[in-house]
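Enquirer: mind folding the following:
(one chain, ligands or ions: 2)
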Amino acid sequence: MTDLIVAVDGPAGSGKSSVSREAARRLGFGYLDTGAAYRALAWHCLDEGVDVEDARAVAERVADFDYAIGTDPDFYFVRVGGEEITSDIREPRVTAVVSAVARVPEVRQGLTELFRRIATDSDRAGMIIEGRDITTVVAPDARARVLLTASPEARMARRSAELGSEPTESTAQQLASRDAQDLKVVDFMNAAAGVTTLDSTELDFEQTVQALIDIVRAAPSA
Ligand SMILES: Nc1ncnc2c1ncn2[C@@H]1O[C@H](COP(=O)(O)OP(=O)(O)O)[C@@H](O)[C@H]1O
Ligand SMILES: Nc1ccn([C@@H]2O[C@H](COP(=O)(O)OP(=O)(O)O)[C@@H](O)[C@H]2O)c(=O)n1
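Expert: Numbering: from 1, shown residues only. Ligands and ions are numbered 1, 2, ... in the order given. Alright, predicted model coming up:
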């Protein structure tokens, strides 16, 4: 069982996935991208023709959700029913509906249990878990808890660069509207008590990874 959990939350484009993954690689830890599970469930609902606005129908998909994710930072994959959907879950049609799926209480409860199981089953020395409610709901007792933030302008520029485009009004609107939807469910803009805020607006990628590693190394031992 993993003994050292690092919880990382933050808004879209703040660098949670990339920074957590690289920090985990350097620390020899596992890395768990929780947003991938919400995205995979959204993909599954679309695949099965489930109306994502129908909370009951979405909730029914959680019980038999056959999900697998790679927690090795060097071997990342996402599978549903054995099918590899690692890149499919990043498609705009999935991004557009993921918040609707993520607001269903049964979904949050089922996936939270799944994340805790994955962390418990890991034989790595530590695991970095990143998402929106890790510091507050999934692992409030984590050894290190971090809120990774960046200005809206920085987040948008990074996300646009990642998509290989100039920042556009619609990218900005989509990012802002997804954050607004998600904020109705969980607060990931303000650090909860005991959570360290890491603002990466003025930091480059390398500096942000190093800052996260420093926080982990400074965390009290169990
Ligand atoms: N401090 C940083 N400076 C510059 N670019 C960054 C920084 N942190 C992350 N990035 C880049 O920003 C993009 C979005 O990061 P990502 O990890 O996908 O964010 P999130 O998981 O929070 O949505 C990625 O291309 C990543 O490499
Ligand atoms: N712990 C989490 C992680 C993600 N999510 C949901 O999953 C979606 C996708 O998460 P993500 O981390 O892949 O999003 P990005 O910030 O990487 O674009 C979010 O917009 C939330 O709706 C959540 O509700 N709780």
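Enquirer: next, count neighbours for Ile5.
Expert: Around Ile5 sit 23 other residues, with neighbours defined as other CB atoms under 10 Å. From N, CA and C alone the C-beta is placed, and that goes for glycine too.
Enquirer: now swap in Ser221 and tell me
Expert: Other residues lying near Ser221 total 6 when counted by other CB under 10 Å.
Enquirer: relative to Val195, how far out is it?
Expert: Taken as CB to CB, to the nearest Å, the spacing of Ser221 relative to Val195 amounts to 19 Å.
Enquirer: one more: Ser20?
Expert: 15 Å.
Enquirer: comparing these two, which residue is more hemmed in?
Expert: Comparing Ser20 with Val195 by other CB under 10 Å, the one with more neighbours is Ser20, at 29 against 20.
Enquirer: what are the phi and psi angles of the more buried one?
Expert: Ser20 adopts backbone torsions of phi -60, psi -40, taken as degrees, to the nearest 10.
Enquirer: and for the one 10 residues further on?
Expert: Comment: the main-chain dihedrals of Gly30 come out as phi -80, psi 170, following degrees, to the nearest 10.
Enquirer: what residues does the chain have near ligand 2?
Expert: Along the chain, the residues adjacent to ligand 2 under the rule CB under 6 Å from any ligand atom are 12, 17, 34-35, 38-39, 98-99, 102, 131-134, 178, 182.
Enquirer: those in strands, which ones?
Expert: Applying DSSP state E to the residues of the chain next to ligand 2, the entries found in strands are Gly131.
Enquirer: which one (most neighbours) among the residues of the chain next to ligand 2?
Expert: For these, the largest neighbour count, defined by other CB under 10 Å, is 31 neighbours, found at Ile134.
Enquirer: does that residue touch Ala142 like I think?
Expert: Yes: with contact taken as CB atoms under 8 Å, Ile134 and Ala142 are classed as touching, separated by 7.3 Å.
Enquirer: what touches both of those two?
Expert: Shared contacts of Ile134 and Ala142 (CB atoms under 8 Å, 6 or more residues apart in numbering): Ala7.
Enquirer: give the bridge partners for the spatially most central residue of the chain, please.
Expert: Nearest to the mean C-alpha position of the chain, by CA atoms, centre = their mean, lies Gly131 at 3.0 Å. Each beta-bridge partner of Gly131 is listed here, defined by DSSP bridges: Asp9.
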